[in-house]
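Q: Kindly generate the corresponding structure for this input.
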Amino acid sequence: MFEKNFCPSPWFHMRINNDGTYEYCRWVVDKRSSVNENIATMPPQQYFQHNMQAIRQQLLQGQSPATCGPCHRVEEHGKVSGRQRQLLKIGVRSEQFVKTMHSSTWLEEFQTDGTTDQMPQDWQIDLGNYCNSACVFCSPESSSRLANEFKRIGLIDQLPPANWSDDPGLVQKFMDTLSASPHIRYLHFIGGETLITPAFRRILQGLIECGLHRSATVGFTTNLTIWDQEIVDLLQQFHGINLGVSVECLNPVNDYARWPSQLDQVRDILDRWRDLARSRSWYVQMRITPTILTIGHLITVYQYALENGLAVESCNFLEQPTYLRPSVLPRPYREKIIDQLGQWLSQHSGQVASETVINTRNPDFAAAQVLQDASSYVNYLADQPDESHRLPDLVRYLRSIDQSRGICVFDYLPEYEKLFRTAGY
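A: Numbers count the residues shown, from 1 in each chain. Take a look at the predicted model:
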């Protein structure tokens, strides 16, 4: 009955946002319809077992909650969704749903009214917005540097709420929850920039002290602008590490999109993480957020990944800010990028998998996964409705940040000058 829309994630996963509010899913993008409780007023166990019952009931009834839309959209374009990956964690494949669901050890959990006495086994932990970068596609809630700039130039009226992880009492409350959870499997940390967030170090130390480092895998994302050897030493004590390295392209456009990064430094730190990961058998993903500004240079990331045996992941197609979506590109610009990606894909056709790679974290499928991700952007550019009416909003935003930073987008993207000038730059 619920095959089309079902996702098992709310039975074993939850998220804590930068401000301490809870979310039922790491892939939720539009939170306007969410009603969130906060770690300051409600224990994580209570939220997971009771407040998330309603979303579980909707999924059991075959409904598709509005906040689940991004997963269904990426599936339409041939990209692997979070829903599909969470299904795989319980042994269910979407193309063999009925058969594999009946054999899943989790089947009994789905034969209730959405109640559960489980504890989360899979966490996304947003630590706060400490960040030394001000990426053009980011938000003040995820970057302190961007928040201060936006307030200074009048794009926001006030700074975001304080980071929950700045409160030692709340961090201890969270650690107590983890210590009391018997089946923790995965903890993924993001910021901000995790390596400069004080709570990241404290939580890693706490996980080691309570012994969870022997069984739990830790994932985190870093922006390739700093290296912290003390944190690296802590990470090397863990059972497993999933490392996300954020980069948009290996082209100077990356310096504009992830301002004020410097490409030479980014490359050096990227190579350093690559070498360490190889020596420790860590899993590495190059994490991209393709926008109208960078989608024309994605091949540089895909090529590096293929040459170095890494995966590439863009969790969802960009939703916010709407004016930075790749679909804002007019058709002639899209066609050029489609041709470039298509030619590149044809050069590597021998590495394409015979079926969709759902387990994107299996290193044996890294090359096939990279090509699969690239193909999804070809499909997206070909099929996504035209949103070029958003170009005036885009150029107003770019003018504001260019003036603030003393830079000019055309120094990085001269091929867009005519397009942006026409839209009012």
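Q: Ramachandran angles for residue 167?
A: The phi and psi values for residue 167, taken as degrees, to the nearest 10, are phi -90, psi 110.
Q: got a pLDDT number for residue 224?
A: Residue 224 is assigned a pLDDT of 97 by the prediction.
Q: What of residue 70?
A: Residue 70 is assigned a pLDDT of 83 by the prediction.
Q: helices and strands around the helix or strand where residue 45 lies, which ones?
A: With elements delineated by DSSP states H and E, residue 45 resides in helix 44-46, which encompasses its position. Applying 3 or more Cβ pairs under 8 Å, 6 or more residues apart in numbering; DSSP states H and E, one finds that helix 44-46 contacts helix 168-179. (Each C-beta comes from the backbone N, C-alpha and C, glycine too.)
Q: Show the subsequent helix or strand relative to the helix it packs on.
A: strand 186-190.
Q: Can you list the helices and strands that that following strand packs against?
A: With contacts defined as 3+ Cβ pairs under 8 Å, 6+ apart, strand 186-190 has these neighbours: strand 122-126, helix 198-209, strand 217-222.
Q: same for the longest one, what does it pack against?
A: Applying 3+ Cβ pairs under 8 Å, 6+ apart, one finds that helix 198-209 contacts helix 168-179, strand 186-190, strand 217-222, helix 229-235.
Q: wait, which of the ones you listed is closest to residue 43?
A: Each of these was checked against residue 43 via Cβ to Cβ, and the shortest separation belongs to helix 168-179, namely 6.8 Å.
Q: Excluding sequence neighbours, find me the nearest residue to residue 94.
A: When the adjacent residues along the chain are set aside, residue 94 lies closest to residue 84, with 5.5 Å between them (Cβ to Cβ, 6 or more residues apart in numbering).
Q: sorry, back to before: now render the helices and strands packed on strand 186-190 as TSV, adding mean neighbour count and distance to residue 140.
A: Listed next are those as TSV, based on neighbours: other Cβ atoms under 10 Å; distance: least, Cβ to Cβ, whole Å:
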stretch	mean neighbour count	distance to residue 140
strand 122-126	23	14
helix 198-209	18	19
strand 217-222	22	18
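Q: helix or strand for the residue nearest to residue 94, which one?
A: Remark: residue 84 resides in helix 82-89, with elements defined by DSSP H and E.
Q: got the buried residues for the helix or strand just after that helix?
A: Downstream of helix 82-89, the first helix or strand assigned by DSSP H and E is helix 97-102. Burial within helix 97-102, assessed by neighbour count using 16 or more other Cβ atoms under 10 Å, is assigned to 100-101.
Q: Test my guess that residue 121 contacts residue 183.
A: Yes - when contacts are counted by Cβ atoms under 8 Å, residue 121 is listed as touching residue 183 (4.8 Å).
Q: who has more neighbours, the two?
A: Taking other Cβ atoms under 10 Å, residue 121 and residue 183 do not tie; residue 121 has more neighbours (18 against 12).
Q: quick one on the thing from earlier: moving C-terminal from the helix holding residue 45, which element do we reach first?
A: Past helix 44-46, the next helix or strand by DSSP H and E is helix 53-60.
Q: Report all helices and strands that that following helix contacts.
A: Helix 53-60 sits against no helix or strand, with contacts defined as 3+ Cβ pairs under 8 Å, 6+ apart.
Q: what is the mean pLDDT for it?
A: Across helix 53-60, the per-residue pLDDT values average to 93.
Q: So which residues of the stretch 201-350 of the chain form strands?
A: When assigned using DSSP state E, counting those that start in this stretch, the strands of the stretch 201-350 of the chain occupy the ranges 217-222, 240-246, 283-287, 311-313.
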